[in-house]
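Participant: coordinates only, sequence not included:
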C-alpha cells in the first residue's frame, strides 16, 4: 500500500461550476487528506487465478478496507480496479487537522494486522 500525504485544502466551486451546487448549500474550506491505496502484485495475481476467485478476494479486500477507513472517520470515494480512494476530514467529523492527516498512517497498520482472506493460489 502507498502512504498518503495531506492534500491541499478543498474549496467551494467557483465560476460555472458554482451554479450546479445545491441551492442553499453551505460551502466551506478545510484541509482534507486523500488516501490512494492499491494491492501490490494484483495484475500478476489476476493473470494466474480464476476470475471468480479474484473477484471474491477483491470483494473481501474492499470490505476490510472500507471498514478500517470508516473506523478512522474517513469515507470511500471510489474503488478503481484493485485500488481505493478514501477521504478523511470531509465532511467534518470533529477530527483535528493533525488527526485527519495521520489517519491513513493509522489505517495501513490496521489493514496489515487484520488482512482479508489470503489471495487465491
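Facilitator: Thanks, I have the structure now. Source: prediction; values computed, not measured. Numbers count the residues shown, from 1 in each chain.
Participant: Output the longest helix belonging to this protein.
Facilitator: For the chain, the longest helix by residue count, based on DSSP state H, is helix 51-71.
Participant: So for whichever helix or strand comes after that one, what gets flagged as buried?
Facilitator: Using DSSP states H and E, the next helix or strand after helix 51-71 towards the C-terminus is strand 74-80. Applying a neighbour-count criterion of 16 or more other CB atoms under 10 Å, the buried positions in strand 74-80 are residue 74. Any C-beta I mention is one placed from the backbone N, CA and C, and that applies to glycine too.
Participant: any residues touching strand 74-80, and which ones?
Facilitator: 34-35, 62, 65-66, 69, 84-88, 103, 107 (CB atoms under 8 Å, 6 or more residues apart in numbering).
Participant: how many other residues sit next to the nearest residue in space to residue 54 that is not next to it in sequence?
Facilitator: Leaving aside its chain neighbours, residue 54 sits nearest to residue 46 (4.9 Å; criterion: CB to CB, 6 or more residues apart in numbering). Each residue near residue 46 was counted by other CB atoms under 10 Å, and the total is 20.
Participant: Let the chain start at 54 from now.
Facilitator: From this message on, residue numbering opens at 54, which makes the last subject residue 99.
Participant: Residue 99 falls within a strand, correct?
Facilitator: No: secondary structure of residue 99 (DSSP: H, G, I helix; E, B strand; the rest coil): helix, not part of a strand.
Participant: circling back to that earlier point, could I get the contacts of strand 127-133 as CSV with distance to residue 81, pLDDT and neighbour count?
Facilitator: Listed next are the contacts of strand 127-133 as CSV, based on distance: CB to CB, whole Å; pLDDT from 0 to 100; neighbours: other CB atoms under 10 Å:
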residue, distance to residue 81, pLDDT, neighbour count
87, 17, 91, 19
88, 21, 90, 26
115, 30, 90, 15
118, 27, 88, 23
119, 26, 91, 16
122, 22, 90, 24
137, 25, 92, 21
138, 21, 94, 14
139, 20, 93, 25
140, 15, 92, 19
141, 16, 91, 27
156, 19, 68, 25
160, 24, 68, 22
